[in-house]
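> quick one: sequence plus predicted model below, questions after.
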Amino acid sequence: MRNIKPIISSLLRSKSGPVLLLTQIVLSVAIVANASFIISERLALIDRPSGIAEAQVLSFRVYNFDPAMDLRKQNQQDQLILRDLPGVIAATSTNMVPLSGSGWGDRYVDGPDPETAKSLPGFSFYMGNEHMLNTFGVKLVEGRNFYPEEIKMGPAAKSQTALITKSIAEAHWGDESPLGKVVYQQDIAITIVGVIERLQGAWVDSSNFEYSVIQAVDFGGAMSSTTYLVRAKPQDIAQLKLDIPKALHLENPNRVIDEFYTVAEHRGHSYSNHELMAALLSVMIVLLLLITSLGLTGMVMFNIQRRTKQIGTRRALGARKADIVWYFLTENYVICAAGAVIGVVAASQLGQQLMNHYSLPQLAWQYPAVTVLGLFVVTTLAVILPARRAADIPPSLATRSV
Amino acid sequence: MLSMKNISKVYQSELVETHALREFNLQVSEGEFVVVTGPSGSGKTTFLNVAGLLEGFSQGEYLLDGVDVSSVSDNESARIRNEKIGFIFQGFNLIPDLNLAENIEVPLRYRGFDSKERKRRVEQALEQVGLASRLKHLPPQLSGGQQQRVAIARALAGEPRFLLADEPTGNLDSLMARQVMELLENINQAGTTIIMVTHDPELARRAQRNVQIVDGQVCDFTSYQKSRSTTSTTAEPA
Ligand SMILES: Nc1ncnc2c1ncn2[C@@H]1O[C@H](COP(=O)(O)OP(=O)(O)O)[C@@H](O)[C@H]1O
Ligand SMILES: [Mg+2]
């Protein structure tokens, strides 16, 4: 590093070359830092556990066309048939499917008087019977599951019981146990009987995604089409997609049974935008770094071309090959360092803009830091090969070239 | 102090083999000022390059300062060039985007001198060539003669045992050429051994010893000068 001063003064005296490269590095730092931050944010979203045995839970819909059918009775019958199928661990009718992008939402208040009652966080509103917990494979951490006799036929019953996620309990009551608390859904009083460790809702982008409630209501039969959830081992799912329509048609052929998706598949659809975004940004980062390293290599090669005689002269005056390699590395480290300083400022500016316009969290300092580190690695890789070629310029060039 | 015995240098290209030096013999003693002349393509630059460890050679024995340099490593020959040899080139070879002081510092930095020592040597060297006031100028702002004097200062700053100059006046008009020659003569008076290649018969005539190279070999056409010269030449006949 003892030769850094003349390298800097030489750089300051040269014209557009370093400025272009500097700009490129500034942009790379600013964009790569923010892009990688966004990618990691998206990946963290995708990574959130749903609480559900996603690969084991199969959802499908039954469209009933028989006008003479007693829908509620048929629903009860169909659930029994499903639970009897080989490979089925549990089955329930439901009003919504987790992570599917469509569902129900509501909000409780903690008292009967709408004037004074405080609101609990909004939640995804599942309606299911005593089989729903086991069908999802979610974990009950406090209280109990529904008793069969608690299950109401339809959402409008006057008094009901509910299971809520721990996230809701903590948001409203903190450390206090929610068991036995009575909350209100318009004029319906609902007693909390159990706490679920984790159960996500239908909309992956919702801020209430982690807040879910299961109310003891068998929603099946409320409409002519019914959604069912069946839990089975993943290796049995394919067979069940054939067995389920067969068994239900045997019971009553006047219906269409369709839309088989596992919750894992719903997850894939729901996060596909995020995955696409992460993939696009990754490609962009790679391209940017590639372009920057090409720019660096290009500039070094240009400088070597321009300075062949100078390099030969330096060798004649006593530079070792390593001195020549170091010359080019140092020169580009200087540019890289200057670019990094400006780039970090630009990165946080850009981060601020993204924060304001796209409601992103504040850019974490690790991202610009790692980006700068990465750029030094890229610089080294891009410069070292041409610099080693430069070191092979023979000292005799000093006398041979005019 | 410089002794070449039966040095051969062959350039091998795809089609032709050029024997740039053949059975080349030359002894140069401490303090001599040797002028090398000869037709174009005769091997003068090749001789200087081999002498200055800018190039290796194919055969023979070369003792520099008593040290056999025929098989020194690349790093070692860089060190020898840096410490023992000062080069002066026809095209000056100053680095255009470094100022004069920085140019003179280039070999001193490779030598590892600290900034105080570098400063002292730069000032002294520029003093010696009469350009003390131009430290911060860039080479293109100077005339050719001035640039060559800076290059000489750069060669001198390392306090070398040898100066090797390949047509140092080739790009200068005759007045500037004479000034540079006088400067080199003064440096030689002060004790530095100089070997200079030139085309200029007038400069050649001023030299203490004249070695002529023809077709890669030393030609002893200098008996006339030899007889007038106070020191004896050791150039061997072809
Ligand atoms: N790098 C090289 N490759 C091949 N031939 C060379 C090379 N350098 C010099 N030569 C040849 O060697 C001979 C001597 O060249 P040189 O020493 O430069 O002559 P001078 O300096 O006396 O004009 C010439 O024939 C020249 O063409
Ligand atoms: Mg020549």
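Right, received. Where do you want to start? Ligands and ions are numbered 1, 2, ... in the order given.

> enumerate the residues of chain A near chain B.
Proximity of chain A to chain B is confined to A:2-3, A:6, A:9-10, A:13-14, A:309-310, A:313-323, A:394-396, A:398-402 under the rule CB under 8 Å from any CB of the partner chain. Yep, even glycine has a C-beta here, placed from its N, CA and C like the rest.

> where along the chain do the helices fall?
Looking at chain A here, since you left the chain open. Counting by DSSP state H, chain A has these helices, from start to end: A:4-13, A:16-47, A:71-84, A:132-136, A:166-173, A:234-251, A:263-270, A:272-306, A:308-316, A:321-358, A:366-391, A:397-400.

> that answer is for a different chain, and I need it for chain B
For chain B, applying DSSP H gives helices covering B:44-51, B:74-84, B:100-111, B:115-128, B:144-157, B:174-189, B:201-206, B:223-228.

> lowest average pLDDT across those?
Within the helices of chain B, confidence is poorest for helix B:223-228, with a mean of 45 (mean pLDDT).

> and the nearest residue to B:N93 once chain neighbours are set aside, how far is that from A:I39?
Setting aside the residues directly before and after it, B:N93 is nearest to A:T313 in space (CB to CB, 6 or more residues apart in numbering or on different chains), at 4.3 Å. For A:T313, the distance to A:I39 under the criterion CB to CB, to the nearest Å works out to 48 Å.

> one more: B:R161?
63 Å.

> show me which of the two is the more surrounded one.
A:I39 (20 against 17; other CB atoms under 10 Å in any protein chain shown).

> can you count the residues close to the closest residue in space to B:Q124 that isn't next to it in sequence?
Taking CB to CB, 6+ apart, and ignoring the residues beside it in sequence, B:Q124 has B:A157 as its nearest neighbour in space, at 7.5 Å. Close neighbours of B:A157, defined as other CB under 10 Å, add up to 26.

> I'd say B:A157 and B:L108 touch.
Yes: taking CB atoms under 8 Å as the definition, B:A157 is a contact partner of B:L108 at 5.9 Å.

> intersection of neighbour lists for these two?
With contacts taken as CB atoms under 8 Å, 6 or more residues apart in numbering or on different chains, B:A157 and B:L108 have B:R121, B:V122 as neighbours in common.

> related to what we said a few turns ago, residues contacting the residue nearest to B:Q124?
Taking CB under 8 Å, 6+ apart, one finds B:I104, B:E105, B:P107, B:L108, B:R121, B:V122, B:Q124, B:A125 in contact with B:A157.

> for ChimeraX, what selects the buried ones among these?
The following ChimeraX line selects those of these that are buried, judged by 16 or more other CB atoms under 10 Å in any protein chain shown:
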select /B:104,105,107,108,121,122,125
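
> among the contacts of B:A157, which two are most distant?
B:P107 and B:Q124 (14.2 Å; CB to CB).

> which strand residues bridge A:S59?
In this structure, A:S59 has beta-bridge partners A:L229, A:Y261, where bridges are defined by DSSP bridges.

> distance check, it against chain B.
Counting by CB to the nearest CB, to the nearest Å, the gap between A:S59 and chain B amounts to 71 Å.

> what distance do you get for that residue to A:S93?
With the distance defined as CB to CB, A:S59 ends up 11 Å from A:S93.

> one more: A:Y126?
In this structure, A:Y126 and A:S93 are 11 Å apart, going by CB to CB.

> returning to what we had before: and the helices of chain B as a markdown table, adding distance to A:I188?
Listed next are those as a markdown table, based on distance: least, CB to CB, whole Å:
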| stretch | distance to A:I188 |
| --- | --- |
| helix B:44-51 | 100 |
| helix B:74-84 | 89 |
| helix B:100-111 | 86 |
| helix B:115-128 | 86 |
| helix B:144-157 | 95 |
| helix B:174-189 | 107 |
| helix B:201-206 | 114 |
| helix B:223-228 | 124 |
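
> out of the ones you listed, which is closest to ligand 1?
Using CB to the nearest ligand atom as the measure, helix B:44-51 is the one of the helices of chain B that comes nearest ligand 1, at 3.2 Å.

> so what are the domain limits for chain A?
Per the record, chain A has its domains at A:4-47+A:272-399, A:66-253, by automatic domain parsing.

> output the ones you listed as TSV; include the columns mean pLDDT and distance to A:E259.
What follows is the domains of chain A, written out as TSV (pLDDT from 0 to 100; distance: least, CB to CB, whole Å):
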stretch	mean pLDDT	distance to A:E259
domain A:4-47+A:272-399	92	17
domain A:66-253	93	9
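
> right, and the ones you listed - which one's nearest ligand 1?
Across the domains of chain A, the minimum distance to ligand 1, taken as CB to the nearest ligand atom, is reached by domain A:4-47+A:272-399, at 7.2 Å.

> now do the same end-to-end measure for that closest one.
Using CA to CA, to the nearest Å, the span of domain A:4-47+A:272-399 from its first residue to its last is 27 Å.

> then stretch A:259-267?
Per CA to CA, the first residue of stretch A:259-267 is 15 Å away from its last.

> burial count for B:Q12?
9.

> run a quick neighbour tally on B:T46.
26.

> could you find the closest non-adjacent residue to it?
For B:T46, the closest residue by CB to CB, 6+ apart turns out to be B:A20, at 4.0 Å.

> now swap in B:N75 and tell me
Once flanking residues are discounted, B:N75 sits nearest to A:R320: 4.9 Å by CB to CB, 6+ apart.

> ditto for A:G51
By the measure of CB to CB, 6+ apart, the closest residue to A:G51 outside its immediate chain neighbours is A:R198, 3.2 Å from it.

> OK, contacts around the one you found?
A:P49, A:S50, A:G51, A:V138, A:K139, A:T165, A:K166, A:S167, A:E210.

> okay, and the common contacts of A:S59 and A:S93?
Overlap between the contact sets of A:S59 and A:S93, as judged by CB under 8 Å, 6+ apart, is given by A:T227, A:Y228, A:L229.

> how close does whichever residue of chain B sits closest to chain A sit to B:R111?
Residue nearest to chain A within chain B: B:N82 (2.4 Å; CB to the nearest CB). Summarising the geometry, the distance separating B:N82 from B:R111, computed by CB to CB, is 6 Å.
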